[in-house]
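**Student:** fold the following.
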Amino acid sequence: MAESPPDLERGEKSSPEPAVLIAKAETTSSTTPSDPPTILTTLRRINDRIEGLSGFEARGITRVLPEERHPPSALADLQVFILWFGANLSANNLTTGLFGPLVFNLGFRDSVLCAIFGCLLGCASTGYMAMWGPASGNRTMVVLRYFMGYWPSKLPCFLNIVLMGGYVTVSFIISGQILSAVSGGTMTIAVGIVVVAVVCWVVAVFGMFIFHTYERYAAIPQLLALFVLVGSAGPHFDSTLESTGDAVTLAANRLSFLSLCFYIPNSWAAAASDYYVYYPETTSKVKIFLLTMAGLFFSFTFVYLLGIGLGSGVASNPAWKEAFSISTGALMVQGFDGLAGFGKLCGVIVALGIIANSIPGAYSAALGVQVMGRYGKVVPRWVWTCLIIVIDLVLALAGRDNLLVIFGNFLALMGYWVEIMIMIVVMEHVLFKWNSGFDWTKWEDQAYLPVGIAALMAFLLGWVGAILGMYQVWYVGPLAQKAGFSDIGLWVGCGFAIVSYPPMRWLELKLIGR
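**Tutor:** Okay, here's the model as predicted:
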């Protein structure tokens, strides 16, 4: 969004949730002006001082009322595109492109086609979920309550916390690898991880205003540095690289890589509404959908193709092969070879550009913890953000030497549930709520929200299908074996959900009425 709400710009609190036991302290504490300070009053003063900082967003998951929204503006509309373009024009998404040539043994042309069409599908899913932000004024996992019920929606919410935290962890590792490679090894990967984590922590803690401002400008140097990488490394791309394997293996690898390229932009769907809650209710859903999809598609496609190019040149370029054996970050830095100090500067920019991709994940994960229950809600969003960044930092330091394995297994596993969730939302919207609409003020009213039995059962059945079609290093489902050892978990899981949800939801409405 182009501007922050006036109350956030002044540093005032905008309908914030209670801080840690602050509300209770106000009503139960018997302290008088002469009483010595207690732990609760001290925490309250600290929280008030932090939330009073200029530009600090005090709001957590409380619905943004229509009168608190931004006025419409062309710059605000443009910010929708800029947010997604800048956040995903990052080296961690570039890593996905490497999987085509280096893991699935696909040629240049096959890799490019799979990346483009997989990306297109994933971007469309996220664009759809983004539409609910302006319409409702609620965060994504709060919106999900209207489709899956108050209690069942907590399962996808928990998975989303893991998903967002996992992406942040991977981003920290890649940034640390690049910074270490740029320094020639004088800076360890661990130090690079800490540097990036600190910057991410500051921006994510402050919230929406600083977040959007950062994302607005971070894409400029990142885009320039990546264009330099295209010019420097492009001559070494092997566009003649052919796919290897028999017909069955080739088809399986194509589908697996297409699915992987689908998972990543699609994973943002579980947080897409979080960043649009200050937009007016009258904002066009079609406009939000198209701008979100365009920002995602152009950024992901660009870095996917750049990653495929780097991966295609590893086999024929000994220097690239040696760099890749060190780390993925070292391979990216090697792409700037021949540019001397300017190449190192570009490498630093690429490493720091990953911060723009980490901030939304940390921000949304903290909101997810608040959605999990009343005890999570009473703790301020900024406290959860701090805790999540610390956890991600520890995980990144622990897993910094096994990035590619972590990346491949984690992304595929997390990608299944997001699309199953989206299928349930789409079916509820189109089949059962097309003409009735929603009362967005009742986001905590369990008597109004659906019970969610049908949604929970369809979600779990979808996971059964995903397991049957899963193809991972540590597990291969029976359907994946019959499909030529291809990862069809996403497609089978969605199929199970699509078939099971409508009749169960009809029966639920018939018996329970909501």
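**Student:** what residues does stretch 247-258 touch?
**Tutor:** When contacts are defined by CB atoms under 8 Å, 6 or more residues apart in numbering, stretch 247-258 is touched by residues 99-100, 103-106, 110-111, 114-115, 117-118, 243-245, 471, 483-488. C-betas here are computed from N, CA, C, even on glycine.
**Student:** now with 10 Å?
**Tutor:** Contacts with stretch 247-258, where a contact means CB atoms under 10 Å, 6 or more residues apart in numbering, come from 96-97, 99-101, 103-107, 110-111, 113-119, 121, 243-246, 308, 412, 471, 480, 483-491.
**Student:** pull out the buried positions in it.
**Tutor:** In terms of neighbour count (16 or more other CB atoms under 10 Å), stretch 247-258 has its buried residues at Thr249, Leu250, Ala252, Asn253, Arg254, Leu255, Ser256, Phe257, Leu258.
**Student:** inside strands: which ones of the contacts of stretch 247-258?
**Tutor:** With strands defined by DSSP state E, no entry of the contacts of stretch 247-258 lies inside them.
**Student:** just the buried ones among those residues, please.
**Tutor:** Using 16+ other CB under 10 Å, the buried ones in those are 96-97, 99-101, 104-107, 110-111, 113-116, 118-119, 121, 243, 308, 412, 471, 480, 483-484, 486-491.
**Student:** among the buried residues of stretch 247-258, which one sits closest to Tyr128?
**Tutor:** Closest to Tyr128 out of these is Leu258 (19.4 Å), distances taken as CB to CB.
**Student:** just give me how far the host helix or strand of that closest one sits from the chain centre.
**Tutor:** Secondary structure assignment for Leu258, by DSSP states H and E: helix 247-267. Its chain's C-alpha centre and that of helix 247-267 lie 19 Å apart, by CA atoms, centre = their mean, to the nearest Å.
**Student:** what of stretch 460-475?
**Tutor:** Averaging C-alpha coordinates over stretch 460-475 and over its chain gives two centres that are 22 Å apart (CA atoms, centre = their mean).
**Student:** any idea how far Pro380 is from Cys386?
**Tutor:** When distances are taken as CB to CB, to the nearest Å, Cys386 and Pro380 turn out to be 10 Å apart.
**Student:** cool, and Gly469?
**Tutor:** Taking CB to CB as the criterion, Gly469 is separated from Pro380 by 41 Å.
**Student:** same thing with Ala135?
**Tutor:** For Ala135, the distance to Pro380 under the criterion CB to CB works out to 27 Å.
**Student:** more crowded one of these two?
**Tutor:** When Ala135 is set against Pro380 and neighbours are counted by other CB atoms under 10 Å, the residue ahead is Pro380, at 25 against 20.
**Student:** worst-scoring helix or strand of the protein, pLDDT-wise?
**Tutor:** Lowest on mean pLDDT, DSSP states H and E among the helices and strands of the chain sits helix 6-9, with a mean of 36.
**Student:** burial of the nearest residue to Ala124 once chain neighbours are set aside, as a residue count?
**Tutor:** For Ala124, the nearest residue in space outside its immediate sequence neighbours is Met293; the separation is 5.9 Å by CB to CB, 6 or more residues apart in numbering. Neighbour count of Met293, defined by other CB under 10 Å: 22.
**Student:** repeat for Val203
**Tutor:** For Val203, which is what you asked about, the neighbour count (other CB under 10 Å) is 22.
**Student:** please apply the same query to Ala398.
**Tutor:** 11.
**Student:** ok, it touching Thr169?
**Tutor:** Yes. Under the contact definition of CB atoms under 10 Å, Ala398 touches Thr169, with a separation of 9.2 Å.
**Student:** now the terminal residues of stretch 266-285, how far apart.
**Tutor:** Distance between the two ends of stretch 266-285: 18 Å, counting by CA to CA, to the nearest Å.
**Student:** ok now that stretch, how far from the chain's centre?
**Tutor:** Between the centre of stretch 266-285 and the centre of its host chain there is 13 Å, according to CA atoms, centre = their mean.
**Student:** residue ranges with poor pLDDT in the stretch 301-450 of the chain?
**Tutor:** Scanning the stretch 301-450 of the chain for pLDDT under 70 picks out the ranges 403-415.
**Student:** hmm, back to that, report all helices and strands that the host helix or strand of the residue nearest to Ala124 contacts.
**Tutor:** For Met293, the element it lies in under DSSP H and E is helix 285-314. Contacts of helix 285-314 with other secondary structure elements, assessed using 3 or more CB pairs under 10 Å, 6 or more residues apart in numbering; DSSP states H and E, are made with helix 74-88, helix 91-102, helix 108-130, helix 132-136, helix 208-233, helix 247-267, helix 318-326, helix 328-334.
**Student:** gap between Phe206 and Leu89?
**Tutor:** Between Phe206 and Leu89 the distance is 22 Å, computed by CB to CB.
**Student:** same check on Thr240?
**Tutor:** Here the distance between Thr240 and Leu89 works out to 28 Å (CB to CB).
**Student:** between the two, point out the one with more neighbours.
**Tutor:** More neighbours surround Leu89 than the other of Thr240 and Leu89, with 26 against 10 (other CB under 10 Å).
**Student:** list the contacts of the more buried one.
**Tutor:** For Leu89, the contact set (CB under 10 Å, 6+ apart) comprises 218-219, 222-223, 225-226, 295, 298-300, 302-303, 350, 353-354, 356-357.
**Student:** next: Gln79.
**Tutor:** By CB under 10 Å, 6+ apart, the residues touching Gln79 are 1-3, 70, 73, 86, 212-213, 215-216, 275-276, 279, 291, 295.
**Student:** same question, Gly484
**Tutor:** In this structure, Gly484 makes contact with Gly245, Asp246, Ala247, Val248, Thr249, Leu250, Ala251, Ala252, Asn253, Leu255, Ser256, Tyr471, judged by CB under 10 Å, 6+ apart.
**Student:** which residues of the protein score low on pLDDT?
**Tutor:** 1-37, 40, 43, 48, 51-55, 403-415, 473.
**Student:** recalculate using a threshold of 80.
**Tutor:** Along the chain, the parts satisfying pLDDT under 80 run over 1-58, 75, 185, 207-213, 215-216, 399-415, 435-436, 472-474.
**Student:** so which residue is dead centre in it?
**Tutor:** The structure's the chain has its C-alpha centroid closest to Trp268; by CA atoms, centre = their mean the separation is 4.0 Å.
**Student:** how close does Lys321 get to Val314?
**Tutor:** In this structure, Lys321 lies at 5 Å from Val314, with CB to CB as the measure.
**Student:** out of the two, which sits in the busier spot?
**Tutor:** Neighbours around Lys321 and Val314, counted as other CB under 10 Å, are more numerous at Val314. The numbers are 23 against 14.
**Student:** hmm, that one is touching Trp320, no?
**Tutor:** Yes. The pair Val314 and Trp320 qualifies as a contact (CB under 10 Å) at a distance of 4.9 Å.
**Student:** which neighbours do these two have in common?
**Tutor:** Counting by CB under 10 Å, 6+ apart, the shared contacts of Val314 and Trp320 are His236, Leu331, Gln334.
**Student:** same list, those residues, but as a markdown table with distance to Ser364 please.
**Tutor:** Formatted as a markdown table, the entries for those read as follows, by distance: CB to CB, whole Å:
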| residue | distance to Ser364 |
| --- | --- |
| His236 | 37 |
| Leu331 | 30 |
| Gln334 | 33 |
